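Participant: Sequence below, structure please.
(one chain, ligands or ions: 1)
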Amino acid sequence: MATEELPPLASDIKRVVILGGGIAGSLLAKSLQFRADIFLVDPKEYFEIPWASLRAMVEPSFAERTVINHSDYLTNGLLVVSTAVNIRDNEVLTSSGRWIAYDYLVIATGHSDHVPKTRTERLNQYQAESEKIKSANSILIVGGGPTGVELAGEIVVDFPEKKVTLVHRGSRLLEFIGAKASKKALDWLTSKKVEVLLNQSVDINTASDGTYQTSGGETIIADCHFVCTGKPIGSSWLKDTILKDNLNGHGKLVVDDNLRVRGLKNVFAIGDITAIPEIQQGYLAQRHAVVAARNIKMLMSGEKETKLATYKPGSAIAIVSLGRRDAVAQLPFATICGCIPGMIKSRDLFVGKTRKQMGLKPTLT
Ligand SMILES: Cc1cc2nc3c(=O)[nH]c(=O)nc-3n(C[C@H](O)[C@H](O)[C@H](O)COP(=O)(O)OP(=O)(O)OC[C@H]3O[C@@H](n4cnc5c(N)ncnc54)[C@H](O)[C@@H]3O)c2cc1C
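Facilitator: Below is the predicted model of the structure:
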């Protein structure tokens, strides 16, 4: 494989290579860009707020604020539009055959997904999905995790006349949080006339002419469907690398308290790719980025290892939006559903807040 020549590093500036430009990797790149030589490797030219994508499917103009070119916030770093495929002790290989040397490496490849390369293509995709929803009278959603539940919520609130059926393989919705939240989400969806089928699956490939069969022998008639069964963890490429022994049984990277991959001095991992015992949430991935940024700065300044910041797993707080006004929230002492958690998340889906964290204006002028 060809090795592309890269400019030599100035002796006093360290190179930080960040793999994955999602919630965690992008914030880290932004935070370190004036302190180090930053290389951000991501398969697409843009950063996207993942939990805003369901709103963008019913209101495509919403994506104008939530799909953000990496170049908008990364003004002093290099974006490599590619995927990482291998790692050595001091360099990373991308799928385009380029070896990139690093002083510090940060793995932030959370989840892998097949999305378009450019922002324009992504915006067009939302337009097409919105038209698909608008032109359908009946819609099948496969998967009752956060994506399926939030999509069902968006559709029934914006298009209450449409028949929505949600099929979920598990015995309850939202299995990543507690049973109380599952029940409240189910009650809310049922009150909006969503038909929820639990303990069943649908093989989309065997559907014909808008007729779908479930594993439980039921027949669903729908004009279109959306598969919301979750994205795979972005670590399959690590299985043949020097980090293979640092993956746990779920394909996640085991890190120490300083967020370094166990046993390594200059390789960090942040976000959903890590095996930290907490629920996978973007606000926690952002906290990882803050801790990793601090530690990389300290190491670059020659600080003692004992002074490095430590990360403590977050508590199991999560909010799942239910359309534009309501949400179900799992909080430390209670699980609530309705417009109060909805006021926190569902109106703007933390978009203004996330844009500000990335150094951007919350609204577009
Ligand atoms: C429906 C839904 C609602 C949610 N709501 C919330 C919420 O309200 N609040 C909240 O805090 N969290 C929420 N989350 C969780 C949140 O989206 C994730 O925890 C967060 O996105 C994790 O960030 P990350 O950077 O680790 O991974 P990701 O955001 O998945 O980013 C990973 C990046 O790595 C890239 N990548 C993958 N493989 C490679 C490779 N080999 N080389 C280079 N790049 C690669 C991907 O393209 C992507 O850009 C929600 C999730 C869902 C699905």
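Participant: Contact partners for the residue nearest the centre of the chain?
Facilitator: The centroid of the chain falls nearest to residue 50 when counting by C-alpha atoms, centre = their mean (5.0 Å). In this structure, residue 50 makes contact with 22-23, 282, judged by C-beta atoms under 8 Å, 6 or more residues apart in numbering. All C-beta atoms are positioned from the backbone trio N, CA, C, and that covers glycine.
Participant: Return only those of the residues you listed found close to the ligand.
Facilitator: Contacts with the ligand within these, counted by C-beta under 6 Å from any ligand atom: 22-23, 282.
Participant: Neighbour-wise, give me the winner out of those residues.
Facilitator: residue 23 (29 neighbours; other C-beta atoms under 10 Å).
Participant: before we move on, back to that, show me which of the ones next to the ligand among the contacts of residue 50 is closest to the ligand.
Facilitator: residue 22 (1.8 Å; C-beta to the nearest ligand atom).
Participant: Make sure the closest one is actually in contact with residue 110.
Facilitator: Yes: the pair residue 22 / residue 110 is scored as a contact, 4.9 Å apart, by C-beta atoms under 8 Å.
Participant: Take the ones next to the ligand among the contacts of residue 50 and keep only those in helices.
Facilitator: 23, 282 (DSSP state H).
Participant: that older thread, now the common contact residues for residue 22 and residue 110.
Facilitator: 271-272, 285.
Participant: would CSV of those with pLDDT and neighbour count be doable?
Facilitator: Listed next are these as CSV, based on pLDDT from 0 to 100; neighbours: other C-beta atoms under 10 Å:
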residue, pLDDT, neighbour count
271, 98, 32
272, 98, 26
285, 98, 24
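Participant: taking the residues you listed one by one, which sit in strands?
Facilitator: Members of those lying in strands (criterion: DSSP state E): none.
Participant: overlap between those residues and the residues near the ligand?
Facilitator: With C-beta under 6 Å from any ligand atom as the criterion, these include 271-272, 285 near the ligand.
Participant: residues from the protein in reach of the ligand?
Facilitator: 19-25, 41-43, 50-51, 83-84, 108-112, 146-147, 150, 234, 237, 271-273, 280-283, 285, 319, 345.
Participant: hmm, which of those residues are the buried ones?
Facilitator: Burial by neighbour count, judged by 16 or more other C-beta atoms under 10 Å, picks out 19-25, 41-43, 50-51, 83-84, 108-112, 146-147, 150, 234, 237, 271-273, 280-282, 285, 319, 345 from the residues of the chain next to the ligand.
Participant: Please flag which of these sit within strands.
Facilitator: Per DSSP E, those map to strands at 19, 41-42, 84, 319.
Participant: Just the closest of the residues you listed to the ligand, please.
Facilitator: residue 84 (3.8 Å).
Participant: Would you mind giving the shared contacts of residue 22 and residue 110 as JSON lines with distance to residue 217 added?
Facilitator: Output for the shared contacts of residue 22 and residue 110, formatted as JSON lines (distance: C-beta to C-beta, whole Å):
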{"residue": "271", "distance to residue 217": "40"}
{"residue": "272", "distance to residue 217": "36"}
{"residue": "285", "distance to residue 217": "41"}
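Participant: Extract the residue ranges of the stretch 251-365 of the chain that are flagged as low pLDDT.
Facilitator: By pLDDT under 70, the stretch 251-365 of the chain contains no weakly predicted segment.
Participant: how about the strands of it, start to end?
Facilitator: 267-269, 318-322, 326-330, 335-338 (DSSP state E, counting those that start in this stretch).
Participant: Report the angle between the third one and strand 318-322.
Facilitator: Taking axes from the mean of the first three to the mean of the last three C-alpha atoms, to 10 degrees, one finds strand 326-330 and strand 318-322 inclined to each other by 160 degrees.
Participant: burial measure for the residue lying closest to residue 230 once chain neighbours are set aside, as a count.
Facilitator: Closest residue in space to residue 230, ignoring its immediate chain neighbours: residue 145 at 5.5 Å, by C-beta to C-beta, 6 or more residues apart in numbering. As a burial measure, residue 145 scores 18 neighbours (other C-beta under 10 Å).
Participant: okay but residue 145 is in contact with residue 228, surely?
Facilitator: Yes: between residue 145 and residue 228 there is a contact at 6.9 Å, judged by C-beta under 8 Å.
Participant: Which residue is the nearest non-sequential neighbour of the residue in the stretch 51-200 of the chain positioned nearest to the ligand?
Facilitator: Going by C-beta to the nearest ligand atom, the ligand is nearest to residue 110 of the stretch 51-200 of the chain, at 2.0 Å. Distances taken as C-beta to C-beta, 6+ apart put residue 272 closest to residue 110, at 3.9 Å, once the chain neighbours are dropped.
Participant: thought the one you found was touching residue 280?
Facilitator: Yes: Residue 272 is within contact range of residue 280, at 4.5 Å (criterion: C-beta under 8 Å).
Participant: which residues in the protein form helices?
Facilitator: 23-32, 53-58, 63-66, 70-73, 119-135, 146-158, 179-191, 282-300, 339-345, 351-357.
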